[in-house]
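Colleague: what follows is a predicted structure for the sequence shown.
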Amino acid sequence: MATQQTQLLARSLLAPAVVLLFIWMIVPLAMTVYFSTLHYNLLDPGTESFVGFENFRYFLTDPAFLASLRNTLVLVGSVLGITILLGVPVALLLDQPVVGLNIVRLMVIAPFFVMPTVSALIWKNLLMHPVSGLFAWLFRLVGLEPIDWFNDAPLFAIILIVSWQWLPFATLILLTALQSLDEEQKEAAEMDGARAWSTFIYITLPHLARPITVVILIETIFLLTVFAEIFVTTGGGPGLQTTNIAFLIYSQALVQYDIGNASAGGLVAVVIANIVAFFLVRIVGRNLEA
Amino acid sequence: MARMVTIRRVVVSTAAAWLFGFLIFFPILWMILTSFKTELDAFATPPSFLFFHWTTENYATVQERSDYIHHAINSILIAGLSTLIAMLIAVPAAWSMAFAPTKRTKDILLWMLSTKMMPPVGVLVPIYLIYRDFGLLDSRAGLIFILCLGNLPIVVWMLFTYFKEIPKDILEAARMDGATIGRELIYVLTPMAIPGLASTMLLNFILAWNEAFWTLNLSTLEAAPLTVFIASYSSPEGLFWAKLSAASTLAIAPVLVLGWFSQRQLVRGLTFGAVK
């Protein structure tokens, strides 16, 4: 009796969260699907008509889509590469006996808490400005020609900013994983005469495989939809050079007001994200059982 | 000998760690320094690192443009209320899944997680149109609602992992002593759950404070939080580095401090318990 009562209580406590999330997931998505089959432009009201897959055909064959897909992949891939290749050594370093470790850790984590619009504007102006920026001064100091970041290498500039924001996340997760590595195991390896390098290759790195996977998957989910950094620095330009899929859909929806086309693009973005999510949910699910 | 090596190792790793830490932190430090410069000093080449004319007039100017306070209040209200409402919905749900799990609990948890993976841009169009039709564009209520839903899966997950760690035996002992569910909740569970509740709220407040997709797309002026306020500095004609730095410093200072307190929870919250 008591358990049945508890079950009922448990279910009614769970219901609000489930119902809300269900509505949040289904209603807008269903609307996106519906809009994606319409010719529907807010600037041209009253001309809505069913066009089937026309929007998808248009969106997927639009040169802007290919360019933005390429930019998205380059952005996600580069930021992943940078944050992991730097995150592993920084995490290893913070796992060493360091005087004042707490302060160092605070400094390393700080960028993660800076809102995206702030990081983007500070980097763009204070650091990357081609004349008065700090980087320009450093370049001249060593006798190099300063780079006009946002004209000559705009996507790379965005990649640097986003990498700076996500390095703390990768470092923190890898550090947490390192700290759970059995100290005895490492000591035993050292006693057996293993050099630091082979301890790293044969013990530490395999141990990091899973956290690295987690970093890759979670970062990918967030990096696929990088928006604010592009919005405040380049506005997707010059040309389409820094337009990613998220920004392309935004500009079709809220700049060109092409609802049908933007919805088709939105669904393409959902499909891409779902491919990643599929793997992440499997890894998390496996962990839930352990 | 061994001791010598250890000391050397500590010195080397300390120096390297501080160097890396300083480099990573430098953009923030530079922003804070610039916020105390005059506009002229802020543009100067070569840049001056410490020996410039220190001034707080940028802060006064940012403050004077009374809209700073307005946007800061928006940020506090939006992040605070969206977190509170998410907690009100999530605590019962997480409690139920942690203490009265059924066969479907795991599926429900993973399904909730998967809603977080939907890219916001995929539903930008319908949300924008719904908000337009209901007059929710540029309203605090609209932003609170969407940020609350957006963070709900994370809140449920974090709370679930915390509740899961509360030993069941204690609850059973309380029940044996004749405690009702209400008493059990108030006297046994709540005290043990408070640290978890606090850090969940903290992390989600930070996430909501820094959210910059919905806030940029759904608010312009009236309801605009600090993310949008800072974005208004991106127009070339209104660009003043020292003032941008002062406004930015004010915008990130509260969450930077909060964030430093919540660094441990960050891992748990953002990896959904996949890394502990």
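Modeller: Right, received. Where do you want to start? Numbers count the residues shown, from 1 in each chain, chains lettered A, B, ... in the order given.

Colleague: can you map out the helices along the stretch 151-290 of chain A?
Modeller: A:154-179, A:183-191, A:196-199, A:205-223, A:228-233, A:245-254, A:259-289 (DSSP state H, counting those that start in this stretch).

Colleague: dump those to JSON lines, plus distance to residue B:150.
Modeller: For the C-beta atoms, the positions are set from N, CA and C on the backbone; glycine is no exception. Shown next, in JSON lines, are the helices of the stretch 151-290 of chain A (distance: least, Cβ to Cβ, whole Å):
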{"stretch": "helix A:154-179", "distance to residue B:150": "18"}
{"stretch": "helix A:183-191", "distance to residue B:150": "40"}
{"stretch": "helix A:196-199", "distance to residue B:150": "42"}
{"stretch": "helix A:205-223", "distance to residue B:150": "12"}
{"stretch": "helix A:228-233", "distance to residue B:150": "15"}
{"stretch": "helix A:245-254", "distance to residue B:150": "15"}
{"stretch": "helix A:259-289", "distance to residue B:150": "14"}
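
Colleague: export those to CSV and tack on distance to residue A:133, mean neighbour count and mean pLDDT?
Modeller: Supplementary listing: these in CSV, determined by distance: least, Cβ to Cβ, whole Å; neighbours: other Cβ atoms under 10 Å in any protein chain shown; pLDDT from 0 to 100:
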stretch, distance to residue A:133, mean neighbour count, mean pLDDT
helix A:154-179, 11, 23, 93
helix A:183-191, 43, 12, 72
helix A:196-199, 39, 12, 80
helix A:205-223, 25, 19, 86
helix A:228-233, 13, 25, 93
helix A:245-254, 24, 24, 90
helix A:259-289, 33, 20, 83
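
Colleague: spell out the residue ranges of the strands in the stretch 1-150 of chain A.
Modeller: In chain order, the stretch 1-150 of chain A shows strands spanning A:38-39, A:49-50, with DSSP state E, counting those that start in this stretch as the criterion.

Colleague: which parts of the stretch 51-200 of chain B sit against chain A?
Modeller: The stretch 51-200 of chain B comes close to chain A at residues B:89-90, B:92-93, B:95-97, B:99-100, B:102, B:106, B:108-110, B:112-115, B:117-130, B:149, B:152-153, B:156, B:181, as judged by Cβ under 8 Å from any Cβ of the partner chain.

Colleague: buried subset of the residues you listed?
Modeller: For these, burial is judged from neighbour counts taken by 16 or more other Cβ atoms under 10 Å in any protein chain shown, and it is met by B:89-90, B:92-93, B:95-97, B:99-100, B:108-110, B:112-115, B:117-130, B:149, B:152-153, B:156, B:181.

Colleague: gap between the residue nearest the centre of chain A and residue A:71?
Modeller: The structure's chain A has its C-alpha centroid closest to residue A:223; by Cα atoms, centre = their mean the separation is 2.0 Å. Residue A:223 is 12 Å from residue A:71, where distance means Cβ to Cβ, to the nearest Å.

Colleague: equivalent analysis for residue A:100, please.
Modeller: Computed as Cβ to Cβ, the residue A:100 to residue A:71 distance reads 40 Å.

Colleague: of those two, which one has the most company?
Modeller: A side-by-side neighbour count of residue A:100 and residue A:71, using other Cβ atoms under 10 Å in any protein chain shown, places residue A:71 first with 24 against 13.

Colleague: contact partners for residue B:166?
Modeller: Remark: with contacts taken as Cβ atoms under 8 Å, 6 or more residues apart in numbering or on different chains, residue B:166 is in contact with B:98, B:189, B:192, B:193.

Colleague: for residue B:62, that is, sorry about that
Modeller: So, once contact is read as Cβ under 8 Å, 6+ apart, residue B:62 ends up touching B:68, B:243, B:246, B:247, B:250.

Colleague: now with 10 Å?
Modeller: Contact criterion Cβ atoms under 10 Å, 6 or more residues apart in numbering or on different chains gives B:35, B:68-69, B:229, B:240, B:242-251 as the residues in contact with residue B:62.

Colleague: other residues contacting stretch B:100-111?
Modeller: With contacts defined as Cβ under 10 Å, 6+ apart, stretch B:100-111 is touched by A:3, A:6-11, A:13-14, A:17-18, A:21-22, A:25, A:280-282, A:284-285, A:288-289, B:93-94, B:96-98, B:153, B:156-157, B:160-161, B:164, B:272-273.

Colleague: same question for stretch B:186-199.
Modeller: Outside of stretch B:186-199, the residues within contact range by Cβ under 10 Å, 6+ apart are B:87, B:90-91, B:94-95, B:98-99, B:158-167, B:170-171, B:173-175, B:177, B:179-181, B:183-185, B:200, B:261-262, B:264-266, B:268-269.

Colleague: where does chain B have low pLDDT?
Modeller: Counting by pLDDT under 70, chain B shows low-confidence ranges at B:1-5, B:66, B:236-239, B:273-274, B:276.

Colleague: quick one, helices of it?
Modeller: Remark: helices assigned in chain B by DSSP state H are B:2-34, B:39-43, B:57-64, B:67-99, B:105-116, B:124-133, B:140-164, B:168-176, B:181-183, B:190-210, B:214-218, B:226-231, B:241-261, B:263-271.

Colleague: got those helices as a markdown table, with distance to residue A:141 columns?
Modeller: Shown next, in a markdown table, are the helices of chain B (distance: least, Cβ to Cβ, whole Å):
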| stretch | distance to residue A:141 |
| --- | --- |
| helix B:2-34 | 16 |
| helix B:39-43 | 17 |
| helix B:57-64 | 27 |
| helix B:67-99 | 36 |
| helix B:105-116 | 45 |
| helix B:124-133 | 44 |
| helix B:140-164 | 44 |
| helix B:168-176 | 63 |
| helix B:181-183 | 69 |
| helix B:190-210 | 34 |
| helix B:214-218 | 36 |
| helix B:226-231 | 30 |
| helix B:241-261 | 20 |
| helix B:263-271 | 35 |
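
Colleague: re the thing from before, which one of the contacts of residue B:62 sits closest to chain A?
Modeller: Proximity of these to chain A, judged by Cβ to the nearest Cβ, is greatest for residue B:248, which lies at 4.4 Å.

Colleague: what about that closest one, distance to residue B:230?
Modeller: 6 Å.

Colleague: list the residues that are in contact with both of those two.
Modeller: With the criterion set as Cβ under 10 Å, 6+ apart, the overlap between the contacts of residue B:248 and residue B:230 is A:115, A:117, A:118, A:119, A:121, A:122.

Colleague: so which of those are also by chain B?
Modeller: Here is what survives when the shared contacts of residue B:248 and residue B:230 are matched to chain B using Cβ under 10 Å from any Cβ of the partner chain: A:115, A:117, A:118, A:119, A:121, A:122.

Colleague: returning to that earlier point: I figured the residue nearest to the centre of chain A hits residue A:82, correct?
Modeller: No - the pair residue A:223 / residue A:82 is not scored as a contact, 11.3 Å apart, by Cβ atoms under 10 Å.
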